[in-house]
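J.: Okay, structure incoming, though there's no sequence with it:
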């Protein structure tokens, strides 16, 4: 009983950490909760540190990504007991990563100062990165996301990316946990450096600004692929495109619920003519079918420029492809088009409306390093999504915050067209230029500036942040081991 109760505090700290992320945006909260959590780990043995980390992670993910239940039960039609179990097991798996981080730090050094100040922050970030890679990755709720756009640490984003932001967040928490004068100096130094870095501009304007229309169709997920709803959906989107004013108009993911080749020729011509009348183009989220029978989650352009297409590369397990051995689980869900093929990883930007637009679809924008191949050619970055799968939960707002990080990392305006929201345009400093309300049909009209050049992150990706974390971990482990040896000699 005593052992179980000792895990309650880290579980609550993990759950409370979620207030640092959208829609709450209290960026100081994860710093404080991590600092309080790290304090508990200063003297504990590796096994205990592991379970403390597991408890923190379980609270963190159950509070932060429990919206998975909405996707599985409400829209995937999975029976609620099975959906609840699947959600819990998913969060229980994710909790292994903070557990491994705390267990690793405790094993590397018994020195409280080196463990709290360096080993825990570095191992935390390295395992966070591993979570974003293993089994296709799920980097949602990396602690660095909480620091955009208002934190002084946001200045590190264009240099080190989200994992660098996580590292500096954890280093500040570790310095606070040490509770020494040196720790306070470290906090001030990191904060002032990040704040000063916000004044740097890594990219520059290219060409003239362009008028952009971001369309939010607000088609209910339960009706999106219904044959009875198909004609109404097509007519709604054509009417919205005709009402829009932008030279570049962007529709959400799978806006047209049918293969592009099955869309009536007259409808496609009407879309193209509307765009050409403005000297521009429309980007349409629509499935495409290859002659060999493979199908893709795609964005197709139509209008003044020659027709082009982008095919989604990083697919969602269970939702867009079926991992081996899990067909039984997918059969429990009613998800249309559940086995997409992957697009080529090095697809060029789409040359439309006088811009080079680098596309990504759905949660591809969670994988920042996978998007930088399009730079510096791309002048704008655009994401089309359908967050209707998550209902009225925190997920759409968390997804918007992730896009804010991507804008900072790439030094590009980020455009988001989402079926039910949040449709938004984001400036290069990570701040939202404009957005539409959730669950409302509408058009967001913005005028944005294309940009050229490379941020350090766009040039080097995650490597600098990961190498820095690895170096810190090696130093902490080495110094901690030397301290133990000196103590033993005495």
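T.: Right, received. Where do you want to start? Quick caveat: nothing in here was measured; it's all calculated off a predicted structure. Numbers count the residues shown, from 1 in each chain.
J.: would you say residue 52 is within a strand?
T.: No. Per DSSP: H, G, I helix; E, B strand; the rest coil, residue 52 lies outside any strand segment and is helix.
J.: Excluding chain neighbours, what is closest to it?
T.: residue 10 (5.0 Å; CB to CB, 6 or more residues apart in numbering). Using the backbone N, CA and C atoms, a C-beta is placed for each residue, glycine as well.
J.: In three-state terms, label that neighbour for me.
T.: Applying three-state DSSP: residue 10 is helix.
J.: surely it meets residue 56?
T.: Yes. With contact defined as CB atoms under 8 Å, residue 10 reaches residue 56; the gap is 4.2 Å.
J.: Pick out whichever of those two has more residues nearby.
T.: Using other CB atoms under 10 Å as the criterion, residue 10 and residue 56 rank with residue 56 on top: 29 against 26.
J.: Could you confirm that one falls within a helix?
T.: Yes. The assignment for residue 56 (three-state DSSP) places it in a helix.
J.: residue contacts, it?
T.: By CB atoms under 8 Å, 6 or more residues apart in numbering, the contact list for residue 56 reads 10-11, 13-14, 37, 95, 98, 102.
J.: Just the terminal-to-terminal distance for stretch 134-144.
T.: 19 Å (CA to CA, to the nearest Å).
J.: And the helices in the stretch 101-250 of the chain, which stretches?
T.: Applying DSSP state H, counting those that start in this stretch to the stretch 101-250 of the chain gives helices spanning 112-114, 120-131, 157-178, 181-197, 227-243.
J.: looking at those, which one has the lowest mean pLDDT?
T.: Lowest mean pLDDT within the helices of the stretch 101-250 of the chain: helix 112-114, at a mean of 90.
J.: Lowest-scoring secondary structure element of the protein by mean pLDDT?
T.: helix 327-330 (a mean of 52; mean pLDDT, DSSP states H and E).
J.: show me what contacts the residue nearest the centre of the chain?
T.: Closest to where the C-alpha atoms of the chain average out (CA atoms, centre = their mean) is residue 366, at 2.8 Å. Residues in contact with residue 366, defined by CB under 8 Å, 6+ apart, are 132, 137, 139-140, 402.
J.: Run through the strands of this protein in chain order.
T.: With DSSP state E applied, the chain shows strands at 204-205, 210-216, 248-250, 281-289, 295-303, 309-311, 350-352, 355-361, 380-385, 414-418, 424-426, 432-435, 442-448, 451-452, listed in chain order.
J.: Make sure residue 31 is actually in contact with residue 168.
T.: No. Counting by CB under 8 Å, residue 31 stays clear of residue 168, with 10.0 Å between them.
J.: So which of these two has more stuff around it?
T.: residue 168 (29 against 24).
J.: Would you mind giving the domain segments of the chain?
T.: 2-201+461-489, 204-454 (automatic domain parsing).
J.: Tell me how far the longest one lies from the chain's centre.
T.: To tie it back to what came earlier, the one meant is domain 204-454. Taking CA atoms, centre = their mean, to the nearest Å, one finds domain 204-454 lying 15 Å from the centre of the chain it belongs to.
J.: just the shortest one next, same as before
T.: Using CA atoms, centre = their mean, the distance from the centre of domain 2-201+461-489 to the centre of the chain it belongs to is 16 Å.
J.: The residue nearest to residue 433 when sequence neighbours are not counted - how many residues pack around it?
T.: Nearest non-adjacent residue to residue 433, counting by CB to CB, 6+ apart: residue 425, 4.3 Å away. Using other CB under 10 Å, residue 425 is surrounded by 24 other residues.
J.: Also residue 277?
T.: Neighbour tally, residue 277, other CB under 10 Å: 11.
J.: any idea how far it lies from residue 444?
T.: 20 Å (CB to CB, to the nearest Å).
J.: which residues does the residue lying closest to residue 360 once chain neighbours are set aside contact?
T.: Leaving aside its sequence neighbours, residue 360 sits nearest to residue 383 (CB to CB, 6+ apart; 5.2 Å). The neighbours of residue 383, taking CB under 8 Å, 6+ apart as the test, are 359-362, 364-365, 403, 414-417.
J.: give the contact list for residue 16.
T.: Per CB under 8 Å, 6+ apart, neighbours of residue 16: 29, 33, 59, 63.
J.: shouldn't the second one be in contact with residue 14?
T.: Yes. Look at residue 33 against residue 14 with CB under 8 Å: they come within range, at 7.4 Å.
J.: circling back: reformat the contacts of residue 383 as a markdown table; add pLDDT.
T.: Below are those laid out as a markdown table (pLDDT from 0 to 100):
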| residue | pLDDT |
| --- | --- |
| 359 | 98 |
| 360 | 97 |
| 361 | 97 |
| 362 | 93 |
| 364 | 95 |
| 365 | 95 |
| 403 | 98 |
| 414 | 98 |
| 415 | 98 |
| 416 | 98 |
| 417 | 98 |
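J.: Serialize these to JSON lines and add fields for neighbour count.
T.: Below are the contacts of residue 383 laid out as JSON lines (neighbours: other CB atoms under 10 Å):
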{"residue": "359", "neighbour count": "30"}
{"residue": "360", "neighbour count": "25"}
{"residue": "361", "neighbour count": "28"}
{"residue": "362", "neighbour count": "25"}
{"residue": "364", "neighbour count": "20"}
{"residue": "365", "neighbour count": "24"}
{"residue": "403", "neighbour count": "26"}
{"residue": "414", "neighbour count": "29"}
{"residue": "415", "neighbour count": "27"}
{"residue": "416", "neighbour count": "29"}
{"residue": "417", "neighbour count": "31"}
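J.: which of the residues you listed lies closest to residue 241?
T.: residue 417 (11.7 Å; CB to CB).
J.: Between residue 10 and residue 56, which contacts overlap?
T.: By CB under 8 Å, 6+ apart, the residues touching both residue 10 and residue 56 are residue 37.
J.: Run through this protein and note the low-pLDDT ranges.
T.: Filtered on pLDDT under 70, the chain yields the residue ranges 1-4, 318-338, 479-490.
J.: switch to 80 and redo it
T.: For the chain, the stretches with pLDDT under 80 are 1-5, 75-77, 221-222, 317-339, 479-490.
J.: Now do residue 42: how many residues are near it, please.
T.: Neighbour number of residue 42 under other CB under 10 Å is 18.
J.: Same question for the one 4 residues further on.
T.: Neighbouring residues of residue 46 were enumerated by other CB under 10 Å; the total is 14.
J.: Also residue 453?
T.: With other CB under 10 Å as criterion, residue 453 counts 16.
J.: one step back: I'd like the contacts of residue 383 as JSON lines, with distance to residue 230 appended.
T.: Putting the contacts of residue 383 into JSON lines (distance: CB to CB, whole Å) gives the following:
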{"residue": "359", "distance to residue 230": "24"}
{"residue": "360", "distance to residue 230": "26"}
{"residue": "361", "distance to residue 230": "21"}
{"residue": "362", "distance to residue 230": "21"}
{"residue": "364", "distance to residue 230": "26"}
{"residue": "365", "distance to residue 230": "28"}
{"residue": "403", "distance to residue 230": "29"}
{"residue": "414", "distance to residue 230": "31"}
{"residue": "415", "distance to residue 230": "26"}
{"residue": "416", "distance to residue 230": "25"}
{"residue": "417", "distance to residue 230": "20"}
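J.: For residue 127, which non-adjacent residue is spatially closest?
T.: Nearest one to residue 127, counting by CB to CB, 6+ apart, is residue 101 at 4.0 Å.
J.: before we move on, the earlier item: greatest separation within the contacts of residue 16: which pair is it?
T.: Farthest pair in the contacts of residue 16 (CB to CB) is 29 and 59. Separation: 13.3 Å.
J.: Mind checking which of the two has more residues around it?
T.: Using other CB under 10 Å, the more surrounded residue of residue 29 and residue 59 is residue 59, with 25 against 17.
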